[in-house]
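**Student:** sequence plus predicted model, see below.
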Amino acid sequence: MTRTASIVGIIVNPNAGKDIRRLVTPATHTSDVTKVGIVRRAIVAAFESGASKVLLMPDNHRLAERASDGIKGDIEVLDMPLSGSRFDTITAAHLFCQAQVGAVIALGGDGTSRDVAIGWPDAPLIAISTGTNNVFPSAIDGTSAGAAAAFVASGAVCLSVVGRRSKKVVIKIDDRDKSLDDLALVDLAFINSMFVGARAVRDPHTVHAVIACVATPASTGLSSIAGRIHPVGRWETGGVFVRLGAGGRKVRVPLAPGSFTTMEIAEVRPLGEGEKISLSGKTMLAFDGERDLPVSEFGTVTAHIETTGPLLIDVERTLVLAAQALMFDETARHISEENHVY
């Protein structure tokens, strides 16, 4: 796989890991200093491993500029208007696609990864967890992420070998005279409260139903409801539908880190790949744990699960293949063509 340029793109969500749940639960606070350190390590490792250029998303906290200060190499901060919202991530991901970025590193939680997928549905992605409910992203050090991203971006390690297509919940909303398409990478929740507020879902009594494509007992957040009843792994096909209500099991779940509540389960239904499920009536939709879209009493939401999400790069496998191909040797500093792994 040959590329004209080995470009690594980095997105860091300045708001991730700082929402209201820090005030009411023991959730970890991810500081700007921590994020700057991760990004800085990723940039240095990317250049060390063959990247010709690093593109950075700007933000109102100037994390990109602080992380890249003093590092030698072709570093560019995207020239784009800032809203201070999730739309910055969506815009940056779209611009990365246009710039033919070879691999994207995104720092944030489930919502940040979702926004990357909206901006660039086929993004070759390394998702680093710095959010609250980190089901989709993983705890990966910036050094390892930067090296793996560069190897993939340069074609030294082929994306088809180390990239795996993730799942997503594909959503269609028909409400009166409008029709919208959307997605979630972990779960879609139906909330009996029309107040968006701080977006995080904290009141367990407002949760009506959850559709999850990733649901493990080790997760935190809305997907943990399904995860503790009918687990579905990241790489398993399909997902699960859970309807909350009296008359069934009572399960203890962590809706936020370090905070447990009892949920009553009325229905559990496994969902096969592509199997559609529809719910009608007034509700608030929460995508990957964040309230976002109200639906009126005339609305219908139809969802199904398919394996068309971002290409998740296996960082460890990438580095193992690089080691086996002697790419860490001093003589391979510029990653010659004969070292490439296909």
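**Tutor:** That came through fine.
**Student:** now the residue nearest the centre of the chain: which helix or strand?
**Tutor:** The C-alpha lying nearest the average C-alpha coordinate of the chain belongs to Ser113 (C-alpha atoms, centre = their mean; 2.2 Å). If you go by DSSP states H and E, Ser113 is part of helix 110-119.
**Student:** how far does that helix sit from its chain's centre?
**Tutor:** Counting by C-alpha atoms, centre = their mean, to the nearest Å, helix 110-119 is centred 5 Å from the centre of its parent chain.
**Student:** following the chain past that helix, name the next helix or strand.
**Tutor:** Using DSSP H and E, the first helix or strand after helix 110-119 is strand 124-129.
**Student:** which is the next helix or strand following that following strand?
**Tutor:** Note on strand 124-129: by DSSP H and E, the next helix or strand toward the C-terminus is helix 142-154.
**Student:** can I get the CA coordinates of that next one in CSV?
**Tutor:** Backbone C-alpha positions of helix 142-154 (Å, rounded to 0.1, in the frame of the first residue of the first chain) are rendered in CSV as follows:
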residue,chain,number,x,y,z
GLY,A,142,0.2,8.3,23.1
THR,A,143,3.6,7.0,22.2
SER,A,144,2.2,3.6,21.1
ALA,A,145,-0.7,5.3,19.3
GLY,A,146,1.5,7.7,17.4
ALA,A,147,3.9,5.0,16.3
ALA,A,148,1.1,2.7,15.1
ALA,A,149,-0.7,5.5,13.3
ALA,A,150,2.5,6.4,11.4
PHE,A,151,3.2,2.9,10.4
VAL,A,152,-0.3,2.6,9.0
ALA,A,153,-0.4,6.0,7.4
SER,A,154,2.9,5.4,5.6
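**Student:** give me the buried positions along the next helix or strand after it.
**Tutor:** Note on helix 142-154: by DSSP H and E, the next helix or strand toward the C-terminus is helix 159-162. Residues Leu159, Val162 are the ones in helix 159-162 that count as buried (16 or more other C-beta atoms under 10 Å). All C-beta atoms are positioned from the backbone trio N, CA, C, and that covers glycine.
**Student:** re earlier: tell me what the helix holding Ser113 is packed against?
**Tutor:** helix 87-98, strand 103-108, strand 124-129, strand 178-184 (3 or more C-beta pairs under 8 Å, 6 or more residues apart in numbering; DSSP states H and E).
**Student:** taking strand 103-108 as reference, get the angle to it.
**Tutor:** In terms of direction (axes from the mean of the first three to the mean of the last three C-alpha atoms, to 10 degrees), helix 110-119 departs from strand 103-108 by 140 degrees.
**Student:** put the alpha carbons of helix 110-119 into CSV.
**Tutor:** Taking Å, rounded to 0.1, in the frame of the first residue of the first chain, the C-alpha atoms of helix 110-119 are listed here in CSV:
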residue,chain,number,x,y,z
ASP,A,110,-17.7,7.4,23.2
GLY,A,111,-19.2,10.7,22.0
THR,A,112,-16.0,11.9,20.5
SER,A,113,-15.5,8.6,18.5
ARG,A,114,-19.1,8.9,17.3
ASP,A,115,-18.4,12.5,16.0
VAL,A,116,-15.3,11.2,14.2
ALA,A,117,-17.5,8.6,12.5
ILE,A,118,-20.0,11.2,11.5
GLY,A,119,-17.4,13.4,9.9
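**Student:** what about Pro270, how many neighbours?
**Tutor:** Close neighbours of Pro270, defined as other C-beta atoms under 10 Å, add up to 11.
**Student:** where does it land in three-state SS?
**Tutor:** strand (DSSP: H, G, I helix; E, B strand; the rest coil).
**Student:** correct me, but it touches Thr237?
**Tutor:** No - counting by C-beta atoms under 8 Å, Pro270 stays clear of Thr237, with 10.4 Å between them.
**Student:** check contacts around the residue nearest to the centre of the chain.
**Tutor:** Listed by C-beta atoms under 8 Å, 6 or more residues apart in numbering, the contact set of Ser113 reads Ala106, Leu125, Ala127, Phe136, Pro137, Leu185, Asp288, Pro310.
**Student:** ok, Ser219 touching Ser129?
**Tutor:** No - at 11.6 Å, Ser219 does not count as touching Ser129 under the criterion of C-beta under 8 Å.
**Student:** who has more neighbours, these two?
**Tutor:** Neighbour totals were compared for Ser219 and Ser129, and Ser219 leads with 25 against 22 (other C-beta under 10 Å).
**Student:** in a helix, the more buried one, correct?
**Tutor:** No - applying three-state DSSP, one finds Ser219 to be coil, outside a helix.
**Student:** now the spatially closest residue to it that is not a sequence neighbour: how far from Ala215?
**Tutor:** Leaving out its chain neighbours, the residue that sits closest to Ser219 by C-beta to C-beta, 6 or more residues apart in numbering is Val135, at 4.6 Å. Per C-beta to C-beta, to the nearest Å, Val135 is found 8 Å from Ala215.
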